[in-house]
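Colleague: Just need the structure, nothing else, for what follows:
(one chain, ligands or ions: 1)
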Amino acid sequence: MRIKICGITRPDQGCAIAQMGATMLGFICVRCSPRYATSEQIRRILENLPNSIQTIGVFANVSVEEIYQTVRETGLTGVQLHGDESPDFCDRLRQILPDTELIKALRVKSPATLIQAQDYFNYIDSLLLDAYHPQQLGGTGQRLDWQILKPFSPPCSWFLAGGLTPDNIGEALQQLQPDGIDLSSGVERSAGDKDLAKVSQLFQVLTDFYS
Ligand SMILES: O=C(O)c1ccccc1NCC(=O)[C@H](O)[C@H](O)COP(=O)(O)O
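Modeller: Got it, this is the predicted structure:
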């Protein structure tokens, strides 16, 4: 199970969360987000992390060139596209960053979103399914309808996101079998400030679940 904790803004919290067992850390490269981290901030956080951890930059509706430049400046190992990027955009990005993991996030509004997902399978490494919110792109704490995900079995790996917390993660994993999980506001004190007690509680629940 891949465990991604998203919206990291502080080096000490990044290190602590990596030590607790996260396999991926996410950095919000979307300027309007309260969790926005600059390339300089991301670089400083990455300097102190173990090499084994994957580091994912989250982008929305920016150019291939901007993403390329941020990845080169920071050393991020992966990119998550959280806006309205097309399959063709994913294909172009993959061509200029062939060794960078490419995750396409889809905000699930209805079962039609899961049909739309099929258009991306040839161009991405993983899908991330998040909740739909009319005004915000991500980090909303909104849970998506797990019921409509039950028959979903894509040919690529997929992450469950959207309103996950230490209190509901067990129930989510009883109902669904994602390859990874992604949490942000459910393990925060305030936007961008992770609550290490909640992150620790999450890992305890996961340990109990899998033992
Ligand atoms: O987190 C943000 O502020 C954000 C802003 C703009 C685009 C994406 C954003 N987050 C993407 C993520 O991967 C979050 O972890 C995901 O939306 C789940 O968030 P939450 O429901 O708070 O766990």
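
Colleague: C-alpha from now on. contacts and neighbour counts both.
Modeller: OK.

Colleague: Flag every residue of this structure that's near the ligand.
Modeller: Applying Cα under 6 Å from any ligand atom, one finds that the chain approaches the ligand through 6-7, 28, 30, 33-35, 82, 130, 137-142, 161-164, 182-186.

Colleague: 5 Å instead, please
Modeller: Neighbours of the ligand within the chain, by Cα under 5 Å from any ligand atom: 6, 33, 137-141, 161-163, 183-185.

Colleague: Of these, which belong to strands?
Modeller: Secondary structure defined by DSSP state E assigns 6, 183 of those to strands.

Colleague: Can I get the residues of the chain next to the ligand in JSON lines including pLDDT and neighbour count?
Modeller: Putting these into JSON lines (pLDDT from 0 to 100; neighbours: other Cα atoms under 10 Å) gives the following:
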{"residue": "C6", "pLDDT": "98", "neighbour count": "25"}
{"residue": "S33", "pLDDT": "97", "neighbour count": "16"}
{"residue": "L137", "pLDDT": "95", "neighbour count": "19"}
{"residue": "G138", "pLDDT": "95", "neighbour count": "24"}
{"residue": "G139", "pLDDT": "96", "neighbour count": "24"}
{"residue": "T140", "pLDDT": "97", "neighbour count": "18"}
{"residue": "G141", "pLDDT": "97", "neighbour count": "18"}
{"residue": "A161", "pLDDT": "98", "neighbour count": "26"}
{"residue": "G162", "pLDDT": "98", "neighbour count": "26"}
{"residue": "G163", "pLDDT": "98", "neighbour count": "22"}
{"residue": "L183", "pLDDT": "98", "neighbour count": "26"}
{"residue": "S184", "pLDDT": "98", "neighbour count": "27"}
{"residue": "S185", "pLDDT": "98", "neighbour count": "24"}
